[in-house]
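Student: Predicted structure and sequence below. I'll ask about it afterward.
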Amino acid sequence: MRQTCFNAGPFFSTSTAVVQRINHHLVERRRAQARWRLLYRLKPVNPTRFRDSFGWPVFVPWSLAAGLLLFSFPRPKLCAAEGASAEEKPADVFSLSLEDLKKLSVTGASRREQPTAEAPSSVTIITADDVKKYGYRTLADMLQSARGLYVTYDRNYSFLGVRGFNRGDFNSRMLILIDGHRINNNLSDGGFIGTEFILDVDLIDRVEIIRGPGSVLYGNNAFFGVINVITRQGRDLGKYGGEVSGEAGSFDTYKGRATYGHQFDNGFEVLLSGSYYDSEGPKHLTFQDFSPPQTHIVDKGDDDNFKSAFGTLTFHDFTLQGGFITREKGNPTALFGTIYNDPHTRTTDERSYLTLKYEHDFEIVQVAAQVYYDRYDFDGTLAFPPPSDLVRELTSGEWWGAETQLRKTFFERHTLTLGAEYRDDFRLDRRNVFEASGVAFADDHRTRESYGVYLQGEIRVFTNLLLNAGARYDYYGSFGDTINPRLALIYDPFKNEKSVIKAIYGTAFRAPNFFELLFDPNLEPETITTYELVYEQQIGSHFRSSLAGYYNQIDDLISFDQGTFRNVKGAEAKGLEVELAGSWPGGLQGRISYTLQETEDRSTGQRLTDSPQHLGKVNLSAPVPLLKEKVFASVEFQYTSERSTLLGTEADGFGIVNFTLFSRNLVKGLELSASIYNLLNEKYSDPATPFHTQDILERDGRTFRVKLTYRF
């Protein structure tokens with residue numbers, strides 16, 4: 001009978017006794033690693049060479065300066081082709097003035113369509129046009145490009161950092177929606193953003209990034225904000241409604257997609273799509289352990305494969321939508337002391353949902369309602385050295401719910417929104433077994449119910465002053481009730497629709513999830529209180545700017561500590577985000593942003609782990625001369641400063657350059673693109689999670705992708 005077994009949390013959750021053994025193993029290894037570091041003065045194998053006197057890589061200030069210089073260029077003599085169709089000229093948010101932005105709508109900030117300038121949040125919108133021009137492959141790529149956000153990758157899942165906070169816990173503090181439907185699962189409350197995300201990135205019309213606490217309307221998980229993914233519609237797919245896409249890239253990576261969409265004369269609209277993705281993954285990954293000092297070269301086990309399907313059927317006021325993905329991923333990092341180069345260590349995630357929505361304007365009141373069913377299944381395997389055995393965790397979650405919202409506009413100036421929702425997590429199952437014998441050493445079956453009601457008012461005090469105020473009451477069977485308010489003042493100081501000032505206050509909560517409650521059923525929800533000031537300004541006819549300052553106070557933070565989850569004192573974060581965007585007719589456009597952020601663990605007084613103090617980003621896209629709106633060259637630069645690791649060392653800062661050449665309609669209906677990621681082949685790593693024996697985890701060097709899309 002095997003003597004040792006390990007289980008990773010929260011996906012590889014298990015009994016308290018087993019986790020305590022895991023924690024003891026990790027603590028001893030990390031202590032040994034720290035001793036080796038001190039003895040030999042070792043630093044993480046993650047050099048960022050050639051730094052200036054401020055600690056930045058020397059090309060960072062030059063790249064930022066180049067971005068600013070590009071914005072100062074005179075207007076190019078490029079003209080849009082007369083009669084060009086909307087299909088040939090997809091809308092791009094960065095080509096709009098602030099006046100146009102007032103007309104551009106966002107739906108996730110107030111659970112209704114409204115101008116972005118009137119939204120009670122700092123909002124960023126990334127469009128399908130950005131996806132094509134910059135070669136974004138996943139939702140994670142899209143989010144990485146936005147100011148104040150960064151992504152950590154442990155070679156299995158992608159973790160989103162928001163305003164200096166990234167715990168590596170599957171994005172449970174960010175609510176992710178598809179057309180308003182919650183995508184976070186009911187086991188870890190995780191929201192996937194990498195290749196494990198349920199929606200093919202080609203089906204995205206735009207992504208709304210809504211910063212700040214959103215529990216006032218959404219309840220759980222809208223802790224740091226909301227990401228609302230808006231999908232394409234059947235009418236977007238041309239005359240016959242067909243679209244196929246194929247791509248190939250580094251590491252024997254291939255992807256294919258087939259989509260059909262159409263709107264019929266009777267109003268019935270359909271969008272159906274299926275995708276397949278397969279990648280062998282990189283070879284010769286390097287992982288360094290220090291107890292004993294040893295470098296591991298891994299040449300297998302980082303493969304990635306998914307199959308997904310998505311569909312939307314709309315007829316008048318009713319919409320039926322569903323999605324499915326099954327994704328299998330090898331894990332090469334030997335987490336929890338498993339065997340390097342053993343392809344048995346892997347995870348399989350399956351996510352699906354089906355929702356029926358109804359919307360109608362009865363003149364006296366607007367009604368929106370939906371009923372939904374969701375499912376999430378996880379199958380994870382860990383391969384340990386002999387005499388241990390393969391350990392599997394099988395978890396399943398199923399839930400259904402219903403939502404209703406009533407909205408009324410008074411005197412064409414004031415809007416009142418009242419909503420309620422109910423959710424039944426009728427299946428929360430976890431079973432851990434030894435694969436060879438089939439003997440289970442953990443078997444849990446639970447249920448949970450929750451409901452919430454909310455009220456929000458939008459009152460136009462003056463023509464240039466809008467008051468947005470609301471509150472939500474939530475009840476959870478696992479801990480009780482909570483109330484979360486939000487208050488925002490939105491002011492146009494010069495009454496010229498070129499300036500907007502937003503003063504925002506709000507609170508949010510995150511309920512302890514299924515895995516966390518397995519360790520401590522008495523956990524309290526963690527809470528956040530946020531104060532934020534946003535200033536947006538149009539500069540001339542080509543530029544617009546955004547400046548945001550914020551302060552976050554987090555209490556009762558749920559943290560994995562000494563083999564269990566517990567509430568700790570909390571954390572504080574404050575920061576400044578500034579962005580300048582410019583555009584000209586003909587397709588030249590760009591943006592540059594800088595984020596300064598400081599975080600502090602209130603228990604230790606130290607900076608939080610995986611929390612960079614500086615983020616810098618530059619994006620520039622320009623039409624290739626003589627080809628006008630048919631070929632575009634786009635480059636983006638992303639800088640992330642040093643981040644503390646769990647061992648108290650630092651993962652070095654780095655700067656990444658990506659380049660994409662994109663063409664459309666050189667042949668009617670045909671789009672071609674070629675992308676190079678990490679163009680300068682920068683060597684960099686991310687801080688490891690508490691479930692790894694390494695201190696840092698290597699990221700990919702230079703890679704490429706070519707893509708062809710044909711619409712007919």
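Tutor: Looks like it arrived, so ask away.
Student: contacts and neighbour counts: CA atoms only from here.
Tutor: Noted.
Student: buried residues in stretch 106-118?
Tutor: Residues of stretch 106-118 classed as buried by neighbour count (16 or more other C-alpha atoms under 10 Å): Val106, Thr107, Gly108, Ala109, Ser110, Gln114, Thr116, Ala117, Glu118.
Student: Between the two ends of that stretch, how far is it?
Tutor: 9 Å (C-alpha to C-alpha, to the nearest Å).
Student: Need the residues that contact that stretch.
Tutor: Under the contact criterion C-alpha atoms under 8 Å, 6 or more residues apart in numbering, stretch 106-118 has outside partners 101-105, 119-121, 123, 180, 208, 210, 214, 217, 226-228, 466, 490, 500.
Student: next one: it to chain centre, how far?
Tutor: In terms of C-alpha atoms, centre = their mean, to the nearest Å, the centre of stretch 106-118 is found 19 Å from the chain centre.
Student: Also stretch 582-593?
Tutor: Distance, stretch centre to chain centre, for stretch 582-593: 24 Å (C-alpha atoms, centre = their mean).
Student: Okay, buried residues for it please.
Tutor: Within stretch 582-593, the residues scored as buried using 16+ other C-alpha under 10 Å are Gly582, Ser583, Trp584, Gly586, Gly587, Leu588, Gln589, Gly590, Arg591, Ile592, Ser593.
Student: And the fifth one, how far from Asp205?
Tutor: Distance check for Gly587 against Asp205: by C-alpha to C-alpha, it reads 19 Å.
Student: Now stretch 497-509: average pLDDT?
Tutor: In this model, stretch 497-509 has a mean pLDDT of 95.
Student: Give me the residues contacting it.
Tutor: 98-99, 102, 117, 120-121, 212-216, 219-223, 484-493, 525-538.
Student: let's see 7 Å
Tutor: With contact meaning C-alpha atoms under 7 Å, 6 or more residues apart in numbering, stretch 497-509 is reached by 98-99, 117, 120, 213-215, 220-223, 484-493, 525-538.
Student: What subset of those residues is buried?
Tutor: The neighbour count (16+ other C-alpha under 10 Å) marks 98, 117, 120, 213-215, 220-223, 484-492, 525-538 as buried among these.
Student: which residue sits closest to Phe479, ignoring its sequence neighbours?
Tutor: Spatially, and ignoring its direct neighbours in sequence, Phe479 is nearest to Glu524 (6.6 Å; C-alpha to C-alpha, 6 or more residues apart in numbering).
Student: List phi and psi for the one you found.
Tutor: In terms of degrees, to the nearest 10, the main-chain angles of Glu524 are phi -100, psi 150.
Student: Show the model's pLDDT score for it.
Tutor: pLDDT, Glu524: 96.
Student: number of nearby residues for Gly540?
Tutor: 9 (other C-alpha atoms under 10 Å).
Student: Likewise for the one 5 residues further on?
Tutor: Taking other C-alpha under 10 Å as the criterion, the count of residues near Ser545 is 19.
Student: With Leu418 instead?
Tutor: Around Leu418 there are 18 residues (other C-alpha under 10 Å).
Student: OK, contacts around the residue nearest to Phe479?
Tutor: Phe479, Pro512, Asn567.
Student: Distance from the chain centre to the host helix or strand of Leu596, please.
Tutor: Following DSSP states H and E, the helix or strand that holds Leu596 is strand 589-601. On the basis of C-alpha atoms, centre = their mean, strand 589-601 sits 16 Å off its chain's mean C-alpha point.
Student: just stretch 490-505 next, same as before
Tutor: Distance, stretch centre to chain centre, for stretch 490-505: 28 Å (C-alpha atoms, centre = their mean).
Student: From one end of it to the other, what's the distance?
Tutor: This stretch, stretch 490-505, spans 12 Å end to end (C-alpha to C-alpha).
Student: all strands in the stretch 501-650 of the chain, in order from the N-terminus.
Tutor: For the stretch 501-650 of the chain, the strands defined by DSSP state E, counting those that start in this stretch occupy 526-539, 543-561, 564-583, 589-601, 614-623, 631-640, 643-644, 650-651.
Student: What angle do strand 614-623 and the longest one make with each other?
Tutor: When you say that, I think you mean strand 564-583. Using axes from the mean of the first three to the mean of the last three C-alpha atoms, to 10 degrees, the inter-axis angle of strand 564-583 relative to strand 614-623 is 40 degrees.
Student: The second one now?
Tutor: Per the same axes, to 10 degrees, the angle that strand 543-561 makes with strand 614-623 is 140 degrees.
Student: Using PDB, write out every CA atom in strand 543-561.
Tutor: Extracted C-alpha coordinates of strand 543-561, given in PDB (Å, rounded to 0.1, in the frame of the first residue of the first chain):
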ATOM      1  CA  PHE A 543      -6.600  62.400 -28.400                       C
ATOM      2  CA  ARG A 544      -8.400  61.400 -25.300                       C
ATOM      3  CA  SER A 545      -7.000  60.700 -21.800                       C
ATOM      4  CA  SER A 546      -8.000  58.900 -18.700                       C
ATOM      5  CA  LEU A 547      -6.700  59.400 -15.100                       C
ATOM      6  CA  ALA A 548      -7.800  57.200 -12.200                       C
ATOM      7  CA  GLY A 549      -6.800  57.100  -8.600                       C
ATOM      8  CA  TYR A 550      -8.100  54.500  -6.100                       C
ATOM      9  CA  TYR A 551      -7.800  53.100  -2.600                       C
ATOM     10  CA  ASN A 552      -8.900  49.500  -1.700                       C
ATOM     11  CA  GLN A 553      -9.200  48.100   1.800                       C
ATOM     12  CA  ILE A 554      -9.700  44.300   2.000                       C
ATOM     13  CA  ASP A 555     -10.900  42.700   5.300                       C
ATOM     14  CA  ASP A 556     -11.100  39.100   6.400                       C
ATOM     15  CA  LEU A 557      -9.100  38.000   3.400                       C
ATOM     16  CA  ILE A 558      -9.300  34.200   2.900                       C
ATOM     17  CA  SER A 559      -5.800  32.800   2.500                       C
ATOM     18  CA  PHE A 560      -4.200  29.400   2.300                       C
ATOM     19  CA  ASP A 561      -1.900  29.300   5.400                       C
END
